[in-house]
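Give me a model of this one.
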Amino acid sequence: MGIIAKQSFYNFISIGLAFLLGAINTLYLYPTFLGSTRQGLVVAILALSNLLQPFLSFGVQHAIIKFYSSFEDKKDRDALLNFSIFSPLLVVALVSAFFWFNYDLVVQFVAASNSGMGEYAFLILLVAIATAYFEIFFSWLRVHLHSVFGNFLKEFYPRLLLLGLLTCYALEVLNFNEFMLALLVGYYLRLLIVIGYSFKIYSPQIRFDLPKNFKSILTYSLWILMSGMAASFILDIDKSMLSNLVAMENVAYYSVALFIATVVEAPGRAMFQIVSPLVAKAINKNDKMALEQLLKKSSRNLLVVCSFIFLIINLNLEDFYALVNKPGYDSAILVVTIVSVGKLFSMSLGCLNNIIGNSKHFRYIMFFSIIAALMAVGLNMLWIPSMGLIGAAYATLVVIMFTNVLKIILIYKYFKMHPFEWHTIKILLLVLGLYIIFGVLEIELAPIWAIVLRSIAITVLFSSVAYFWGLTDDIKFVAKKFLK
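Here you go, the predicted model:
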């Protein structure tokens with residue numbers, strides 16, 4: 001667990017800093033200078049790019065993770081990496097041709113909910129291409145166990161880019177058109193950086209030989225492609241449907257709430273960058289003991305850390321929104337709690353998703369994703385008109401809970417293992433107890449001081465009980481090594 005702990009820690013630092021910048025952007029710079037309507041427009045365009053990105057990448061970023069450790073010969077590994085670079089070009093060419101010859105139709109489609117989006121329709125494709133190839137080269141780094149810098153570019157860089165652009169816009173150095181174009185240039189600069197760093201870490205010999213097990217790789221890529229499209233659809237469909245079913249500014253309110261809730265899963269995003277290739281290696285070597293250890297430890301450690309973050313966020317929500325003091329944004333307070341419950345449940349599964357995705361049962365991911373996508377559309381159409389933002393949040397929660405239960409059943413059926421243990425119950429009891437105690441405890445202070453005092457109290461109680469119950473053994477070990 002040494003390399004997992006070390007790189008997870010540094011990844012968590014970069015993700016934590018990324019969320020800090022994201023908070024400044026989302027909660028202050030966006031609402032103050034762009035306004036909720038333009039903020040919603042930017043968020044919606046990036047959401048549509050994320051929907052398109054898995055199709056352009058052709059699923060090969062996941063194929064790299066799954067198959068790289070199964071190849072011992074450099075020639076086979078080089079062939080796999082070359083395949084990952086050149087095969088998506090065909091998809092990019094086809095999609096680009098469709099955009100070029102049907103651009104008016106594309107503009108009409110994206111401008112259906114907001115006329116301002118039509119002007120920037122070309123950004124959807126161009127950002128999606130840059131993001132797709134970034135993910136491919138990031139996987140290249142991950143299989144060589146160099147996830148830290150790639151994770152920095154994935155998480156921290158885009159927030160820093162937005163911080164700089166929003167500041168320039170606030171100072172009237174850029175107008176809105178220039179802001180959008182500079183955003184595009186920033187994404188391609190990130191792509192060039194990750195390409196250069198990837199070739200520095202490992203430079204394959206450029207050849208056009210098909211990799212060994214080409215049919216298996218192609219099949220896997222196609223299945224993951226369809227699964228990824230469905231998964232991205234689920235992630236961004238609520239924001240897209242909100243822009244169609246309610247006023248555009250509601251997308252901004254919902255996006256802020258979603259951003260806050262997503263902080264709960266930051267430790268998982270840090271850990272999975274390095275855990276995924278190790279899971280693939282354990283599966284390729286048929287090392288069930290190592291696999292189960294990865295599952296149990298990742299589940300416990302993520303649940304401890306994410307539960308603490310869950311409490312800090314949700315028990316300070318009202319004071320936090322009062323401190324931000326932006327009209328309309330506090331209408332989404334309940335969205336944070338609802339979605340963060342689903343995020344916490346997902347983190348309690350540990351590396352379960354990585355096990356499914358890198359095993360021979362990966363086809364189930366697509367079926368689960370399709371079911372989830374259909375549920376997301378149906379529930380959003382049912383609940384958004386009647387409940388607005390809260391309806392979208394409940395739809396997200398139901399989809400997360402249902403699909404995660406399916407995954408738990410799948411892992412238990414085929415691997416005879418599950419992520420939970422006695423410590424799981426202890427952690428949940430701790431979370432529930434502290435949530436009830438601080439939920440009824442009122443602190444009559446200014447919002448900033450109420451947040452500070454409550455957070456200190458939660459930290460002391462949570463860490464004390466976790467230490468007494470022996471929930472933090474792995475975390476203590478990592479902390480001691482880091483301090484040394």
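
element containing the residue nearest the centre of the chain?
For the chain, Arg269 is the residue whose C-alpha lies nearest the centre (CA atoms, centre = their mean; 6.6 Å). For Arg269, the element it lies in under DSSP states H and E is helix 266-284.

Against which helices or strands is that helix packed?
Secondary-structure packing of helix 266-284 (3 or more CB pairs under 8 Å, 6 or more residues apart in numbering; DSSP states H and E): helix 2-24, helix 60-67, helix 121-143, helix 147-151, helix 288-314, helix 333-347, helix 352-358. For every residue, glycine as well, the C-beta is placed using N, CA and C.

which of those helices sits most buried?
helix 60-67 (a mean of 26; mean count of other CB atoms under 10 Å).

So for it, mean pLDDT?
The average pLDDT for helix 60-67 rounds to 85.

Check stretch 321-341 too.
Mean predicted lDDT for stretch 321-341 stands at 85.

Then stretch 122-141?
Stretch 122-141 comes out at a mean pLDDT of 90.

Please state the offset of the helix holding Arg269 from the chain centre?
Put simply, helix 266-284 sits 14 Å off its chain's centre (CA atoms, centre = their mean, to the nearest Å).

what's the answer for stretch 289-309, then?
Stretch 289-309 has its C-alpha centroid displaced from the chain centroid by 18 Å (CA atoms, centre = their mean).

how much space between Lys326 and Asn316?
16 Å (CB to CB, to the nearest Å).

Which one's more surrounded, these two?
When neighbours are counted by other CB atoms under 10 Å, Lys326 and Asn316 differ, and Asn316 comes out ahead with 20 against 16.

and the more buried one, how far is that from Ile260?
From Asn316 over to Ile260 the distance is 10 Å, taken as CB to CB.

Including distance to Ile201, could the helices and strands packed on helix 266-284 go into JSON lines?
Converted to JSON lines, the helices and strands packed on helix 266-284 look like this (distance: least, CB to CB, whole Å):
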{"stretch": "helix 2-24", "distance to Ile201": "14"}
{"stretch": "helix 60-67", "distance to Ile201": "13"}
{"stretch": "helix 121-143", "distance to Ile201": "6"}
{"stretch": "helix 147-151", "distance to Ile201": "9"}
{"stretch": "helix 288-314", "distance to Ile201": "24"}
{"stretch": "helix 333-347", "distance to Ile201": "29"}
{"stretch": "helix 352-358", "distance to Ile201": "21"}
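
and of these, who's closest to Val194?
Evaluated over the helices and strands packed on helix 266-284, closeness to Val194 peaks at helix 121-143, with 4.6 Å, by CB to CB.

Now the strand or helix carrying Ala322: buried residues?
Element membership of Ala322, judged by DSSP H and E, is helix 317-324. The neighbour-count check on helix 317-324 (16 or more other CB atoms under 10 Å) flags Leu317, Asp319, Phe320, Tyr321, Val324 as buried.
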